[in-house]
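# Here's a sequence, model it:
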Amino acid sequence: MVEQTAHIRFVRGPSPFAARKTFLEFREVFSFHKRFVDLPFHTTYDETMEKKRLTIKDIAREAGVGIGTVSRVLNNSPHISESSKKAVLQVVERHNYQISAEAAGLARKTKRRKLVGILLPDISNHYFFEVFESVYKKFKNLDIDLIILNYTDHTSETVKRILETNLCALMLFAIHLDKEDLQLLKNRNIPYLYVDSYQPDEHCIHVDNHTGGVLAANYLLNKGCSKPCYIHGPTQAQTDKDRYAGFAATIETALSVSPLQYHAIITEKSGYEIAMQIIDAGECDGVFCFCDEIAIGVLKAIRRTGSSLSVIGYDGIRVSEAWNLSTISQDPELVGERAVQSVLPLIDKITDEGPKQIQLVPVLIDRNS
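Numbering: from 1, shown residues only. As a prediction, this is how the structure comes out:
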């Protein structure tokens, strides 16, 4: 027996509802007869018979963007590229799309809050805390949550904890992860931003520490210092090396001598103890410190002993003003603000550009210390 197939197709008529009724009646009849005849039954119904409701998925497909991008445009999110916004709005206007208020309200209620991780070596560090404080205030206004992940020594557990936290972005404060760890973040689509650390092939925001060292050297030279010294931090981080390089090069050019070097941990107590050694030795008349916390300890020793040493710190933390400490300011609040501005496009995944690198220039705050 040769198989025969019955096809019935209805086209749009003057009354879609009448056509729909007719279609259903015919399907009932043929379904009944199909039980008695060996005749496969196939029917199609023209979608143009009823007006199809445009969905966000339809808009995304026509505009060539993701569904999330369409949602952000319809909800007036500021973190969206102009080209994507224009493409979506053109489709919306072309179809006279009207968003359902009920659906929009439901989406806002069920929307999962964004969570950004901050990997910090030491939250007790005044500079890091003030940068974090600035970041927190900005994200709070954007309804973005923060989680602090402490980092001391690198272990496999560090990245494991990051991956388990379901982050939408990660900010690395003065920390450098190895290639394997970074690849794990990329595999999980977790964008990251280096803060206070220059990384040539990554998104980062950093301060020109070499220039900061030059500013500190000129400050001491202008105070009449002829035997300046430098107090390093404990880890010989790249920021420390860059500050010393700018400082030493300027001193050597001006005085034809290399500055003496000391080492301290980042506490006022350690700065005080090193300063007492410098004062007792009597070999220096000016001190440039890796950070303000060390410099405040030096200032305490100067005031206790009545020494004529000049001192300048680095960072520009708030407490430096209370101590009338001269400092090379990185403006922690500004660093935090710019870090947030840099990470938001990474969270929303609206940038296809290469690594974005922002360099800030430090400034001298002269308090005659």
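# At which residues are the helices of the chain located?
Along the chain, counting by DSSP state H, helices occupy 16-33, 56-63, 67-74, 82-95, 101-110, 126-141, 156-164, 179-187, 209-222, 238-255, 268-281, 292-305, 319-322, 332-348.
# Tell me the buried residues in the shortest one?
Going back to what we said before, that points to helix 319-322. S320 (16 or more other Cβ atoms under 10 Å). Every C-beta, even on glycine, is put in place using the N, C-alpha and C of the backbone.
# Number the chain from 350, please
Taking 350 as the first residue, the last one we looked at is helix 668-671.
# confidence score at the residue nearest in space to the middle of the chain?
Central residue of the chain (Cα atoms, centre = their mean): V692, 2.8 Å from the mean position. We have a pLDDT of 89 for V692.
# What of the one 10 residues further on?
In the predicted model, E702 carries a pLDDT score of 65.
# Likewise for I493?
Value for I493, per-residue pLDDT: 87.
# and if you look at C638?
pLDDT at C638 comes out at 97.
# quick one on the thing from earlier: leaving out chain neighbours, which residue sits closest to the residue nearest to the centre of the chain?
Distance criterion Cβ to Cβ, 6 or more residues apart in numbering; nearest residue to V692, sequence neighbours excluded, is L542 at 4.7 Å.
# what are the bridge partners for the one you found, then?
M520 (DSSP bridges).
# Can you get me a residue count around it?
26 (other Cβ atoms under 10 Å).
# Beta-bridge partners for H581, please?
Beta bridges link H581 to H612 when assigned by DSSP bridges.
# and the gap between the residue nearest to the centre of the chain and G631?
Distance of V692 to G631, computed by Cβ to Cβ, to the nearest Å: 49 Å.
# What of F477?
From F477 over to G631 (counting by Cβ to Cβ), the distance is 35 Å.
# Which one's more surrounded, the two?
Shown here are F477 and G631; by other Cβ under 10 Å, F477 has more neighbours (21 against 9).
# show me the contacts for that one.
L469, P470, D471, F522, A523 (Cβ atoms under 8 Å, 6 or more residues apart in numbering).
# Emit the ChimeraX select command for whichever of the residues you listed are buried.
Applied in ChimeraX, the following selects the buried portion of the contacts of F477 according to 16+ other Cβ under 10 Å:
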select :469,470,522,523
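# now, which of the contacts of F477 lie within strands?
Here DSSP state E is the test, and those give L469, F522 as lying in strands.
# Dump the contacts of F477 to JSON lines, plus pLDDT and distance to T507.
Shown next, in JSON lines, are those (pLDDT from 0 to 100; distance: Cβ to Cβ, whole Å):
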{"residue": "L469", "pLDDT": "83", "distance to T507": "12"}
{"residue": "P470", "pLDDT": "78", "distance to T507": "11"}
{"residue": "D471", "pLDDT": "76", "distance to T507": "15"}
{"residue": "F522", "pLDDT": "88", "distance to T507": "14"}
{"residue": "A523", "pLDDT": "80", "distance to T507": "15"}
